[in-house]
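A.B. asks: Give me a model of this one.
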Amino acid sequence: MRNDLFIDGIWVKSEKGGTIDVVNPATEEVFHQVAAGTADDVDAAVRAARKAFDQGEWPRMSGSQRGQYLRAIAEGIRNRLSELARLEVLDNGKPLPEAEWDIGDAAGCFDFYASLAEQLDNKPEEQIELPDDRFTSKVVKEPVGVAGAIIPWNYPLLMAAWKVAPALAAGCTMVLKPSELTSLTALELAAIAEEVGLPRGVLNVVTGLGSEAGQALTDHPGIDKLAFTGSVPTGSKVMAAAARDIKRVSLELGGKSPFVVFEDADVEQAVEWIMFGIFWNQGQVCSATSRVLVEQGLYEKLLSRLVEESGKITIGNGMDKGILLGPLVSAKQHKQVTDAVEAATQSGATLAAGGRRPDALQEGYYIEPTVLTDVPLESAAWTEEIFGPVVCVRPFATEAEAIALANDSRFGLAAAVMTKDDARGERVASALRAGIVWINCSQPTFTEAPWGGYKQSGIGRELGRWGLENYLETKQVTKYVTEARWGWYIKN
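C.D. replies: Below you'll find the predicted structure:
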């Protein structure tokens, strides 16, 4: 396991920074340390990325040439899938099968953007039809420049891939700052980039605290574009910092996503998708469908089955076979989730299932799958992101009421609706104010489709061609094509 910084194509130590303990959330044991990068380290990384962009070959390569590097990185990830997945279990706590799924998706993300990079070579320049035939005009796409990316701890390598792959495909260079809680696979991504011969300075990885390395990255005048995934308060700070220099910015922030279940839905399928929507990755998912609205005729039956099935979920160390729910990522996160559950019950909510540490797991940051009912609409449990395996369930009487309750949120990242009535499913999906809407499912995510939210859930879209466009500027090139003089100041 690596513990140095990757700057300008080489591994370097932080001269002024200390170290950050890496804790296994399943055991609470410190098993490694990574460098606590400083503002000086960030400056060195930005200067390396700046030189690679302004003077280097990367943005001047063809898309096909860049695509070859991206495919090589994808292959490098696949060749080490088992190792990288185990690192993420140690680092993040998620069950091994989930980690393996994530690492496979990360490799697929690099392959996808390799294809889009190749397509850049084949796209004809867009010609603009003008009202004056003395001119021609075209639109070209160019890389935005040096990108700074700050990623969260819930999907360590996958979130890195979502930003690094499209940025490199576009011809940008990048400084990546992973979460201080889960930096290990980001460093291994740098090692893979080094192994495939990625030109120096194109990808730089600086580990460190958000208050030090993250702040230095957002404030650095050498950054052209900031891409951030994380909480709303931190996203607001990133946006404010970007505003000072008018940096380009994309933000993927929090959510409090609703899941509307109509009484014609199959109860077993509904329970399965509700559980997948809130217990996958221990509920530490920005799009988690944590507010479940159930039509009155199905409410009691669905709630009974949800409580029953939630109690069957196997909890434990993500390395152990058969585990479906691992620990939360850190002691801080565990306290935030347990405090949120306690506050919910104090506000009048009923604890229908879970809500406490399993008796057999006294070490590690574990909490049982938790189902809350009778949650007051004004309580934090209903309005704020808990980011844990906690779901709030309440009944509704009419479609209009369900839509109103679902949309009554400052967030708008995702939403879901379940019904056997296709017309109603489409109608409700259209009415839900969210950037991602699932019909008869929750959480499936495809690299080809756009990802991002309305309202305070963020700005811009990742994934698909929209992810590539995040890292491209649009340039107009207009040409005067006649030999006749313009004749405004100097008459013919």
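A.B. asks: which residues sit against stretch 95-109?
C.D. replies: 74-75, 77-78, 81-82, 84-86, 88-89, 92, 94, 155, 157-158, 160-162, 165, 185, 280-281, 318-319, 323-326, 445, 447 (CB atoms under 8 Å, 6 or more residues apart in numbering). (C-beta placed from N, C-alpha, C; glycine too.)
A.B. asks: at 7 Å what do you get?
C.D. replies: Contact with stretch 95-109 is made by 74, 77-78, 81, 84-85, 88-89, 155, 157-158, 161-162, 165, 280-281, 318-319, 323-324, 326, 447, as judged by CB atoms under 7 Å, 6 or more residues apart in numbering.
A.B. asks: roughly how far out does that stretch sit from the chain middle?
C.D. replies: Remark: stretch 95-109 is offset 14 Å from the chain centroid, using CA atoms, centre = their mean, to the nearest Å.
A.B. asks: just stretch 137-155 next, same as before
C.D. replies: Centroid separation between stretch 137-155 and its chain, computed with CA atoms, centre = their mean, is 14 Å.
A.B. asks: what's the span of it, first residue to last?
C.D. replies: Stretch 137-155 has an end-to-end distance of 43 Å (criterion: CA to CA, to the nearest Å).
A.B. asks: Kindly provide the whole-number mean pLDDT of it.
C.D. replies: Here stretch 137-155 scores 97 as its mean pLDDT.
A.B. asks: Mind listing what's buried along that stretch?
C.D. replies: 141, 143-155 (16 or more other CB atoms under 10 Å).
A.B. asks: what two of these are the furthest from one another?
C.D. replies: Within those, K141 and W153 form the most distant pair, 32.7 Å apart (CB to CB).
A.B. asks: low-scoring stretches of this protein, by residue?
C.D. replies: By pLDDT under 70, the low-scoring segments of the chain are 492.
A.B. asks: How is it partitioned into domains?
C.D. replies: 5-253+457-477, 258-439 (automatic domain parsing).
A.B. asks: and W486, which of these is closest to it?
C.D. replies: Checking the domains of the chain against W486 by CB to CB gives domain 5-253+457-477 as the closest, at 8.8 Å.
A.B. asks: First-to-last residue distance for the closest one?
C.D. replies: Domain 5-253+457-477: ends 40 Å apart by CA to CA.
A.B. asks: Ok, stretch 319-326 next?
C.D. replies: 9 Å.
A.B. asks: Please enumerate residues in contact with it?
C.D. replies: So stretch 319-326 is in contact with 26, 89, 93-96, 279, 282, 313-318, 369, 389, going by CB under 7 Å, 6+ apart.
A.B. asks: what about 6 Å?
C.D. replies: 89, 93-96, 282, 313-316, 318 (CB atoms under 6 Å, 6 or more residues apart in numbering).
A.B. asks: could these go into a markdown table alongside secondary structure, distance to V292 and neighbour count?
C.D. replies: As requested, these are exported to a markdown table (DSSP: H, G, I helix; E, B strand; the rest coil; distance: CB to CB, whole Å; neighbours: other CB atoms under 10 Å):
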| residue | secondary structure | distance to V292 | neighbour count |
| --- | --- | --- | --- |
| V89 | helix | 28 | 24 |
| G93 | coil | 25 | 32 |
| K94 | coil | 22 | 27 |
| P95 | coil | 23 | 25 |
| L96 | helix | 28 | 19 |
| Q282 | helix | 18 | 32 |
| I313 | coil | 16 | 15 |
| T314 | coil | 22 | 11 |
| I315 | strand | 21 | 22 |
| G316 | coil | 26 | 20 |
| G318 | coil | 26 | 26 |
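A.B. asks: Turn those residues into a markdown table, columns for distance to V22.
C.D. replies: Below are the contacts of stretch 319-326 laid out as a markdown table (distance: CB to CB, whole Å):
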| residue | distance to V22 |
| --- | --- |
| V89 | 13 |
| G93 | 12 |
| K94 | 15 |
| P95 | 19 |
| L96 | 18 |
| Q282 | 18 |
| I313 | 27 |
| T314 | 26 |
| I315 | 23 |
| G316 | 20 |
| G318 | 15 |
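A.B. asks: Out of those residues, which two sit at the greatest distance?
C.D. replies: Using CB to CB, those span at most 17.2 Å, a distance reached by V89 and I313.
A.B. asks: if I look at F411, how far off is P327?
C.D. replies: Going from F411 to P327 by CB to CB, to the nearest Å gives 26 Å.
A.B. asks: what do you get for D133?
C.D. replies: Taken as CB to CB, the span from D133 to P327 is 68 Å.
A.B. asks: Also N92?
C.D. replies: As judged by CB to CB, N92 and P327 stand 9 Å apart.
A.B. asks: wait, what's in contact with the closest residue to L116 other than its chain neighbours?
C.D. replies: In space, and not counting its chain neighbours, L116 is closest to L468: 5.1 Å by CB to CB, 6 or more residues apart in numbering. Counting by CB under 6 Å, 6+ apart, L468 touches 116, 166, 169-170.
A.B. asks: Next, check these against the strands and list the overlap.
C.D. replies: Using DSSP state E, no member of the contacts of L468 falls within strands.
A.B. asks: Take the residues you listed and lay them out in JSON lines including neighbour count and distance to P221.
C.D. replies: Conversion of these to JSON lines gives the following (neighbours: other CB atoms under 10 Å; distance: CB to CB, whole Å):
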{"residue": "L116", "neighbour count": "20", "distance to P221": "30"}
{"residue": "P166", "neighbour count": "31", "distance to P221": "23"}
{"residue": "A169", "neighbour count": "28", "distance to P221": "25"}
{"residue": "A170", "neighbour count": "28", "distance to P221": "21"}
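A.B. asks: Out of the residues you listed, the closest to M275 would be?
C.D. replies: M275 lies nearest to P166 out of the contacts of L468, by CB to CB, at 31.6 Å.
A.B. asks: How about that closest one, nearest residue that isn't a chain neighbour?
C.D. replies: In space, P166 is closest to G467, 4.1 Å off (CB to CB, 6+ apart).
A.B. asks: gap between that neighbour and G452?
C.D. replies: In terms of CB to CB, G467 sits 9 Å off from G452.
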